[in-house]
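Trainee: What shape does this take:
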Amino acid sequence: LTLREAYRELGVESSEVSKWVQATETRQLLREVMLLTEAKARIDADGKASLIFLKPGFNLSKERYYPVETLKRDYRIFEGVKMFADHPTKADDEARPERSIKDWVATLKNVSVDDDGQLLGDAVIVAPWMKETLANLRDKDLLSEMGVSINAVGRASEAKIDGFKTAFIEQLVMARSVDFVTESGAGGEISLYEAGSPEFDVDLVGVETLRERRPDLVEVLERDVRAEAKQSRRLNVDDQERIKELTEQLATRTTELGEANGKLDEADKATAKATAQASIKEAVDKAELPDAAKTHLLASFSEAVDTEGLEVAIQTEKDYVTAIREGGRVKGMGPSGESKEDAEKALRESFKRMNPEWSDEEVDTAVRGR
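Mentor: Modelled structure (predicted):
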């Protein structure tokens, strides 16, 4: 069991694997051929061929291994790829990497994966001669003479499976095409082209090859990365200063808001007091009381912010005045012939009964303050 396999079995993401362990990974050109008979191709009257174009497990040479989970995850890269007549040669890739329209014979549609991990799709034939060829092969029971082969790029790591050292396909990176082939090496044997092409293939070239063959390009890329990193650090410093500035502004605004709310509360209290004082003065002015009694009432309510208790206080003043006018005797508050002291005592009790919240000092003031 290799380290890479151990990481894989533990479910560790590739981005979290140590770089020296990742160094065992390579990008490979994948070409696996399946005969149309093995692919269970079904060719209808319109020339559409439904087929299996890749299976999980070892390829024929056992040099590559395709796990089910990789195929189930990455099968969508084959949707809509063009299908050509034969794979390109090394010369073709160097001269015309985009392939020739003359060789385009079909497009792969409706790509899916079944429960076993097999990749399936419909080859929609666009070249009449290919339709005729496939129909003839079908009618003459010669479908085994032609196959389909993926032309893709994948990431692989070294592994040992069932006793065989092999390339474990970690990911299907991109699909270039799925081609009709008549190669004798069915099953995906590696050709000389595949073995010798990575240094010329931009999809396969490694960092070391790039440093060796294009040091100027590597220098440009590294310079760009350093510039971006420097810019990122500068932006980070600017952001920190801006955050500090905004934090200070927020603190200032919070203080100002608190002061404004305090002033608003004071203003509300002043307004309430002014309104209450106006109502108190109006009620006292209308009361049939001597000026001295009115002055006493206004003084008692000078700090009031509402008129609570005013009506009772006015009535108390009226009772007091009535008692004084009757010569120091309070009617209905005791037997006739009471002394002045008895009248004041009765008046005190009357004040206390009508104003239970008053202190003794306030009651005394009320009794003698007229």
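
Trainee: Check whether the nearest residue to residue 79 once chain neighbours are set aside sits in a helix, strand or coil.
Mentor: Once flanking residues are discounted, residue 79 sits nearest to residue 111: 4.4 Å by CB to CB, 6 or more residues apart in numbering. Every residue, glycine included, has its C-beta placed from N, CA and C. On the three-state scheme (DSSP: H, G, I helix; E, B strand; the rest coil), residue 111 is labelled strand.

Trainee: How about the one 4 residues further on?
Mentor: Residue 115 falls in the coil class when you classify it by three-state DSSP.

Trainee: Which parts of the stretch 251-370 of the chain are helices?
Mentor: Counting by DSSP state H, counting those that start in this stretch, one finds helices in the stretch 251-370 of the chain at the ranges 291-300, 310-325, 340-354, 360-368.

Trainee: Tell me the buried residues in the longest one?
Mentor: The neighbour-count criterion (16 or more other CB atoms under 10 Å) identifies 310, 313, 314, 316, 317, 319, 320, 321, 323, 324 as the buried residues of helix 310-325.

Trainee: Also the third one?
Mentor: Along helix 340-354, these residues count as buried under the neighbour rule (16+ other CB under 10 Å): 342, 343, 344, 345, 346, 347, 348, 350, 351.

Trainee: Looking at the residues you listed, which is nearest residue 223?
Mentor: Closest to residue 223 out of the buried residues of helix 340-354 is residue 351 (97.2 Å), distances taken as CB to CB.

Trainee: shouldn't the closest one be in contact with residue 357?
Mentor: No: using CB atoms under 8 Å, residue 351 is not in contact with residue 357; the gap is 11.4 Å.

Trainee: Identify whichever of the helices of the stretch 251-370 of the chain lies nearest to residue 11.
Mentor: Per CB to CB, nearest to residue 11 of these: helix 310-325, 81.8 Å.

Trainee: sorry, back to before: let's have the buried residues of helix 310-325 in CSV, adding distance to residue 276.
Mentor: Supplementary listing: the buried residues of helix 310-325 in CSV, determined by distance: CB to CB, whole Å:
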residue, distance to residue 276
310, 9
313, 14
314, 15
316, 19
317, 19
319, 24
320, 24
321, 24
323, 29
324, 29
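
Trainee: Those residues into CSV, with extra columns for distance to residue 362 and pLDDT?
Mentor: As requested, the buried residues of helix 310-325 are exported to CSV (distance: CB to CB, whole Å; pLDDT from 0 to 100):
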residue, distance to residue 362, pLDDT
310, 15, 82
313, 11, 84
314, 16, 86
316, 11, 83
317, 13, 80
319, 16, 80
320, 13, 77
321, 18, 76
323, 18, 74
324, 19, 70
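
Trainee: quick one: which of those residues is nearest residue 256?
Mentor: Closest to residue 256, out of all of the buried residues of helix 310-325 and judged by CB to CB, is residue 310, at 39.2 Å.

Trainee: and the helices of the stretch 251-370 of the chain, which one is worst for confidence?
Mentor: Note on these: lowest mean pLDDT is at helix 340-354, with a mean of 72.

Trainee: then that one to CSV, C-alphas only?
Mentor: Written as CSV, here are the backbone C-alpha positions of helix 340-354 (Å, rounded to 0.1, in the frame of the first residue of the first chain):
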residue,chain,number,x,y,z
LYS,A,340,-59.2,76.0,68.6
GLU,A,341,-56.7,73.2,69.5
ASP,A,342,-59.3,70.6,68.9
ALA,A,343,-60.3,72.2,65.6
GLU,A,344,-56.6,72.2,64.4
LYS,A,345,-56.3,68.5,65.5
ALA,A,346,-59.4,67.6,63.5
LEU,A,347,-58.1,69.6,60.5
ARG,A,348,-54.8,67.8,60.8
GLU,A,349,-56.6,64.4,60.7
SER,A,350,-58.6,65.6,57.7
PHE,A,351,-55.5,66.6,55.8
LYS,A,352,-53.8,63.3,56.7
ARG,A,353,-56.9,61.3,55.6
MET,A,354,-57.1,63.1,52.2
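
Trainee: Please list all residues in contact with residue 249.
Mentor: Under the criterion of CB atoms under 8 Å, 6 or more residues apart in numbering, residue 249 has no contact partners.
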